[in-house]
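Student: give me the fold of what follows.
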Amino acid sequence: MSVPTTSAQSEPSASNRRRAIARRVADAHRGIDDASLLAFVTSSGTESAADSKADVDMGVVFLSLPQQGVLEQACARAGGTPWLWSQGSLSDAGMLVAFQVDGVEVQVSYSDHATLNREVDALLLQDTPDTPMHKLGESILKAEPLAGRSELARLQARLTTFPPELARAMVKHFLAAPTPWKAISQIAEREATLWCREVQVDACYRLCGVSAALSRRYFTRFQVKRMRPHSARFEHAPADLAERIERVMQAQPRDAFAQLYELEGDVLELVARTMPQIDLGAVRSRRAAYHPSPLTP
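Tutor: Sure, this is the predicted structure:
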């Protein structure tokens, strides 16, 4: 006798449900300019760890962008609500919009091919170390094609080759403002919780940026999420980087700074081995002004 399938067994996973929504949205844009349509989904919502709170992030690209009403109608054909909000302007070749499909928020970044290629060129050729364009690069690399597979593959091939000049620029940028260890030795024992946490957060962002650069990974402080899986892809980073940062954020100021001092030291050793041409003199000079206390048992 066959066993009836329960609703729980037949219900798609959160990631598969979001992929299906993304396909609906992409298909709804067909018929506008199929010859130039590039559509992809690039969201944590499609990863295996996706949960009920994950949204769907998409890119939809045409040779030239149609009128806003045409795009609104396409979203509606996918079962979308009216746009909840929008940023940018179609006349400037870029707009980000949000709406819901079956209770899941969908964010679509509209662009044209010329603008998208200029943005990729800027990321790869201008050696700008900390810009939201890094998020674009990372998003395209992990994107799944919905339309225009060959064009997405071309962009991914370009972005896979990480420019060594950009890596060096990132390391220099994130080390340009060394952690203020002399000031830390003065504030760690005082009632300066917010100040202490601000210094720790800034330092941890910088250490992430350096580790990303050493590992030839795109990184920006802009809207950092899912730190553990992201840092797990860093080939040149201290072991358990994300977990150690979390422990810094959870510890009391004195212990947090002692842990941060040790973590920074590990990152600097990696810089010295991987990019020996980087001058670490100023960073090490500032570290000499701090003497970490033993950690609280």
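Student: doesn't residue 283 make contact with residue 272?
Tutor: No. The criterion here is Cβ atoms under 8 Å, and residue 272 misses it with residue 283 at 10.4 Å. The C-beta positions use only the backbone N, C-alpha and C, and glycine is treated the same way.
Student: who has more neighbours out of these two?
Tutor: Comparing residue 272 with residue 283 by other Cβ atoms under 10 Å, the one with more neighbours is residue 283, at 19 against 12.
Student: quick one, phi psi at the more buried one?
Tutor: Per-residue torsions, residue 283: phi -60, psi -50 (degrees, to the nearest 10).
Student: switch to numbering from 54
Tutor: Sounds good: first residue 54 from here, last item residue 336.
Student: residues touching it, list them.
Tutor: By Cβ atoms under 8 Å, 6 or more residues apart in numbering, the contact set of residue 336 is 228, 231, 232, 321.
Student: what's the pLDDT at it?
Tutor: Looking at residue 336, its pLDDT reads 92.
Student: cool, residue 346 as well?
Tutor: What the model reports for residue 346 is a pLDDT of 67.
Student: ramachandran angles for residue 199?
Tutor: Dihedral pair for residue 199: phi -120, psi -30, per degrees, to the nearest 10.
Student: surely it touches residue 94?
Tutor: Yes. Here residue 199 reaches residue 94: they are 6.1 Å apart, a contact under Cβ under 8 Å.
Student: joint contacts of these two?
Tutor: Common neighbours of residue 199 and residue 94 (Cβ under 8 Å, 6+ apart) are 75, 79, 111.
Student: tell me the most packed of those residues, by neighbour count.
Tutor: residue 75 (27 neighbours).
Student: now do the helices in this structure.
Tutor: 60-63, 67-81, 121-130, 166-178, 186-194, 202-213, 217-228, 234-240, 246-267, 280-284, 294-303, 306-327, 334-340 (DSSP state H).
Student: and the residue nearest the centre of the chain?
Tutor: residue 188 (4.8 Å; Cα atoms, centre = their mean).
Student: got any ranges where the stretch 154-303 of the chain has weak pLDDT?
Tutor: The stretch 154-303 of the chain contains residues with pLDDT under 70 at 276.
Student: ok, 90 please
Tutor: In the predicted model, the stretch 154-303 of the chain carries pLDDT under 90 at residues 180-185, 230-231, 234-248, 273-286, 292.
Student: for residue 209, give me its contacts.
Tutor: Residue 209 touches 193, 194, 196, counting by Cβ under 8 Å, 6+ apart.
Student: ignore what I typed, I meant residue 134.
Tutor: 152, 153, 154.
Student: reformat the residues you listed as JSON lines; add distance to residue 256 and neighbour count.
Tutor: As requested, the contacts of residue 134 are exported to JSON lines (distance: Cβ to Cβ, whole Å; neighbours: other Cβ atoms under 10 Å):
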{"residue": "152", "distance to residue 256": "39", "neighbour count": "22"}
{"residue": "153", "distance to residue 256": "38", "neighbour count": "18"}
{"residue": "154", "distance to residue 256": "40", "neighbour count": "20"}
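Student: can you list those in a markdown table and add distance to residue 275?
Tutor: Converted to a markdown table, these look like this (distance: Cβ to Cβ, whole Å):
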| residue | distance to residue 275 |
| --- | --- |
| 152 | 23 |
| 153 | 24 |
| 154 | 26 |
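Student: closest to residue 331 among those residues?
Tutor: Proximity of the contacts of residue 134 to residue 331 (Cβ to Cβ) peaks at residue 152, which lies at 45.8 Å.
Student: and the closest one, what's its pLDDT?
Tutor: 98.
Student: in contact with it, which residues?
Tutor: Applying Cβ under 8 Å, 6+ apart, the residues contacting residue 152 are 128, 133, 134, 135, 136, 137, 158, 159.
Student: what's around the last one, how many residues?
Tutor: Residue 159: 28 surrounding residues under other Cβ under 10 Å.
Student: just list whatever residues bridge to it.
Tutor: On the basis of DSSP bridges, residue 159 is bridged to residue 109, residue 152.
Student: surely residue 260 touches residue 318?
Tutor: No. If you go by Cβ under 8 Å, residue 260 and residue 318 don't touch, sitting 10.4 Å apart.
Student: neighbour-wise, which of the two wins?
Tutor: Each of residue 260 and residue 318 has its neighbours counted (other Cβ under 10 Å); residue 260 has more, 25 against 14.
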